[in-house]
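In: Predicted model and sequence follow; I will ask about them next.
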There are 2 protein chains.
Amino acid sequence: MIAVDWGSTNLRLYRLDAGGRLRERRRSDRGTLASAGHFASVLAAETVGWDDEHILLCGMVGARGGWHEMPYLDCPAGVHDLARHLQRFHPPGFDGRELWIVPGLRDTASDTVPDVMRGEETQLAALLDALPAGVHQACLPGTHSKWATIRDGRIERIHTAMTGELYAVLRRHSILGALMPEDDSRFDAYAFEAGLRRSAEPGGLPHHLFGVRTTGLSGQFADSALPSYLSGLLIGHELQAALPSADGPRPAQVHLVGSERLLAAYAHALTALDIGVQRHSEDLAARGLQALWRHRSHAAAIAG
Amino acid sequence: MIAVDWGSTNLRLYRLDAGGRLRERRRSDRGTLASAGHFASVLAAETVGWDDEHILLCGMVGARGGWHEMPYLDCPAGVHDLARHLQRFHPPGFDGRELWIVPGLRDTASDTVPDVMRGEETQLAALLDALPAGVHQACLPGTHSKWATIRDGRIERIHTAMTGELYAVLRRHSILGALMPEDDSRFDAYAFEAGLRRSAEPGGLPHHLFGVRTTGLSGQFADSALPSYLSGLLIGHELQAALPSADGPRPAQVHLVGSERLLAAYAHALTALDIGVQRHSEDLAARGLQALWRHRSHAAAIAG
């Protein structure tokens, strides 16, 4: 089978054998934003040479404005629920092959405003059945960081924080970015931790952000350390609100899913809060799609 | 005398007679950012025909990178303190005239990160002596909203929130702005109040910002109402943190200083919190400069 994780900006393709082993992988920058209107030809081009019958897709490809809009499935939902709601669709040009899309998830119960994910539920699907019964926390950092509370194998709560996008727009377009050097690849642990500590103080984020400026102007940190300070400040604000039971006991451990660089910052922040970390690679989506397909085939075999 | 409020983006000039009455006013977009390196010629051009001996300046013109850097004066400070620290300087081309600059204010005591203002202290100087003894709150909304706690005629606490700039960068450069129409001049009171209420809920600002997207996509508000929702959300977060004694009693009234349109939104938000509002125009800087000059002349007369 071919497993496709098709997000807004990235397209990741995996070829799996019948046993679920990863045989080949491809990656392209033709995300759904860049592929709008010609999804079929992009997929055909990116899967050249892969003639597998079954193609499973997850991510923004199933959003409004994507290839084939899939309604959201409501939380709580586990692998079984997601597998049962896989939807087959028939785009021209793919005769003789089976294309399936995973629904996104929606949480309307945990907050007054609904929260959603598309793609991350599939990455989490690779974990759900492997986790012991009970409550687990997962975090998928990114432009829009996704937090999930998992209870007994089902995703129960979704909490999104626009942390990565806030960092990017402030870095590129605000007065704070003007204080910083172009290159922000250098991680300054001391400044990052100062930002984290600052986030726990009163004053609120809009006030703390102005403090990045005064901190910079006062020379407390070198200009090259300010991106790390800003990053620590924003991630700190995210963690404080995203970690459930802010008043009660904090989770002992958080499952982190994502690219190595992003995970490093989040792992640093969680460790500073005495919270353990278990890391998982971005390729979790391939294993998640494989798990969903296995469940579906199994269910079909029983029904059939 | 000529009173000059020279901020980053705007230059406001006032001509006052000996009795302090406003005789003429001019306004230009040659703020300090646009005037760097040729402050003298800009001021000469903008004051053509005004031959008054005394020229008083306040605002970013006294900042690092401005015309004449003035050190910050530490809080608490009142009209008397500011007047005593007016500094005369002698730029070429202004022989026979007296140019003076007002220092900015710095608060290093109320928070772990210092906070500052430049220009706003002069607007407040117009109020300080007129207020009865006791504690008063003032707010000067803008790109960087300035809050001041005034006790017995002196500015005691400064709290800046980057609210206006956050709104602008999110509106222009984030996924949230993409949902909104170009024109955001229409104020939607219902959406604004929903944003205010949302700001009082748990979840944190980075999470609430993502909620602007889901709220927009779910069709809860028309796209044209989303800018007001975002504005209410950000101003709500600002107010909650900026209003002193969040745990104790809130102030009965806040003095608002600024342009009519901005004040309307802040007055709306404060009224929703059952806090009274007293509005003051942006031209307060002219009266503040006049008050500082009067104090200085009086002190000089006594000393002389």
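Out: Everything's here; your move.

In: Next, please give the residue ranges for the helices of chain A.
Out: Applying DSSP state H to chain A gives helices spanning A:32-35, A:39-46, A:79-84, A:120-128, A:163-173, A:175-178, A:189-199, A:205-217, A:226-242, A:260-272, A:284-303.

In: Could you save those helices as JSON lines and add columns showing distance to chain B and mean neighbour count?
Out: Placement of C-beta: from N, CA and C, glycine included. What follows is the helices of chain A, written out as JSON lines (distance: least, CB to the nearest CB, whole Å; neighbours: other CB atoms under 10 Å in any protein chain shown):
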{"stretch": "helix A:32-35", "distance to chain B": "11", "mean neighbour count": "18"}
{"stretch": "helix A:39-46", "distance to chain B": "20", "mean neighbour count": "16"}
{"stretch": "helix A:79-84", "distance to chain B": "20", "mean neighbour count": "20"}
{"stretch": "helix A:120-128", "distance to chain B": "13", "mean neighbour count": "27"}
{"stretch": "helix A:163-173", "distance to chain B": "5", "mean neighbour count": "20"}
{"stretch": "helix A:175-178", "distance to chain B": "6", "mean neighbour count": "18"}
{"stretch": "helix A:189-199", "distance to chain B": "7", "mean neighbour count": "20"}
{"stretch": "helix A:205-217", "distance to chain B": "4", "mean neighbour count": "23"}
{"stretch": "helix A:226-242", "distance to chain B": "3", "mean neighbour count": "25"}
{"stretch": "helix A:260-272", "distance to chain B": "14", "mean neighbour count": "17"}
{"stretch": "helix A:284-303", "distance to chain B": "21", "mean neighbour count": "19"}
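
In: Using TSV, lay out the ones you listed together with mean pLDDT.
Out: TSV is the format used below for the helices of chain A (pLDDT from 0 to 100):
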stretch	mean pLDDT
helix A:32-35	94
helix A:39-46	96
helix A:79-84	97
helix A:120-128	96
helix A:163-173	96
helix A:175-178	92
helix A:189-199	97
helix A:205-217	93
helix A:226-242	96
helix A:260-272	95
helix A:284-303	90
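
In: Kindly reformat those as JSON lines containing distance to residue B:38.
Out: JSON lines is the format used below for the helices of chain A (distance: least, CB to CB, whole Å):
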{"stretch": "helix A:32-35", "distance to residue B:38": "44"}
{"stretch": "helix A:39-46", "distance to residue B:38": "54"}
{"stretch": "helix A:79-84", "distance to residue B:38": "65"}
{"stretch": "helix A:120-128", "distance to residue B:38": "54"}
{"stretch": "helix A:163-173", "distance to residue B:38": "27"}
{"stretch": "helix A:175-178", "distance to residue B:38": "21"}
{"stretch": "helix A:189-199", "distance to residue B:38": "36"}
{"stretch": "helix A:205-217", "distance to residue B:38": "24"}
{"stretch": "helix A:226-242", "distance to residue B:38": "30"}
{"stretch": "helix A:260-272", "distance to residue B:38": "44"}
{"stretch": "helix A:284-303", "distance to residue B:38": "57"}
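
In: May I have stretch A:103-111 as PDB, with CA atoms only?
Out: Taking only C-alpha atoms (Å, rounded to 0.1, in the frame of the first residue of the first chain), the coordinates of stretch A:103-111 have been written out as PDB:
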ATOM      1  CA  PRO A 103     -11.400  12.000   8.500                       C
ATOM      2  CA  GLY A 104     -10.100  14.800  10.700                       C
ATOM      3  CA  LEU A 105     -11.100  14.900  14.400                       C
ATOM      4  CA  ARG A 106     -13.100  17.500  16.200                       C
ATOM      5  CA  ASP A 107     -13.400  18.100  19.900                       C
ATOM      6  CA  THR A 108     -16.500  20.100  20.800                       C
ATOM      7  CA  ALA A 109     -16.700  19.100  24.500                       C
ATOM      8  CA  SER A 110     -13.500  20.300  26.200                       C
ATOM      9  CA  ASP A 111     -13.800  24.000  25.400                       C
END
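
In: can you give me the mean pLDDT across that stretch?
Out: Averaged over stretch A:103-111, pLDDT sits at 96.

In: tell me the strands in the stretch 1-150 of chain A, going along the chain?
Out: All strands of the stretch 1-150 of chain A, identified by DSSP state E, counting those that start in this stretch, fall at A:2-6, A:11-16, A:22-28, A:54-58, A:73-74, A:77-78, A:87-89, A:98-101, A:105-107, A:115-117, A:135-140, A:145-151.

In: between those strands, which one is nearest to chain B?
Out: strand A:115-117 (6.2 Å; CB to the nearest CB).

In: who touches the residue lying closest to residue A:44 once chain neighbours are set aside in this structure?
Out: Among residues not flanking residue A:44 along the chain, residue A:93 sits closest, at 6.3 Å (CB to CB, 6 or more residues apart in numbering or on different chains). Counting by CB atoms under 8 Å, 6 or more residues apart in numbering or on different chains, residue A:93 touches A:40, A:41, A:44.

In: Check the gap between residue A:93 and chain B for me.
Out: Separation of residue A:93 from chain B (CB to the nearest CB, to the nearest Å): 30 Å.

In: Residue A:282 now?
Out: According to CB to the nearest CB, residue A:282 stands 21 Å off from chain B.

In: For residue A:228, give me its contacts.
Out: A:184, A:186, A:187, A:188, A:189, A:191, A:192, A:195.

In: pretty sure the fifth one is touching residue A:268, no?
Out: Yes: at 7.0 Å, residue A:189 counts as touching residue A:268 under the criterion of CB atoms under 8 Å.

In: which non-adjacent residue is nearest residue A:84?
Out: For residue A:84, the closest residue by CB to CB, 6+ apart turns out to be residue A:299, at 6.9 Å.

In: again, but for residue A:92
Out: Distances taken as CB to CB, 6+ apart place residue A:40 nearest to residue A:92, at 6.8 Å, with adjacent residues excluded.

In: Distance check, the one you found against residue A:90.
Out: Noted for residue A:40: a distance of 11 Å to residue A:90, by CB to CB, to the nearest Å.

In: Which residues are in contact with residue A:90?
Out: Per CB under 8 Å, 6+ apart, neighbours of residue A:90: residue A:99.

In: for it, phi and psi?
Out: Note on residue A:90: backbone dihedrals following degrees, to the nearest 10 are phi -130, psi 80.

In: From the centre of chain A, give me the residue that's furthest out.
Out: The centre of chain A is farthest from one residue, residue A:218, which by CA atoms, centre = their mean lies 36.5 Å away.
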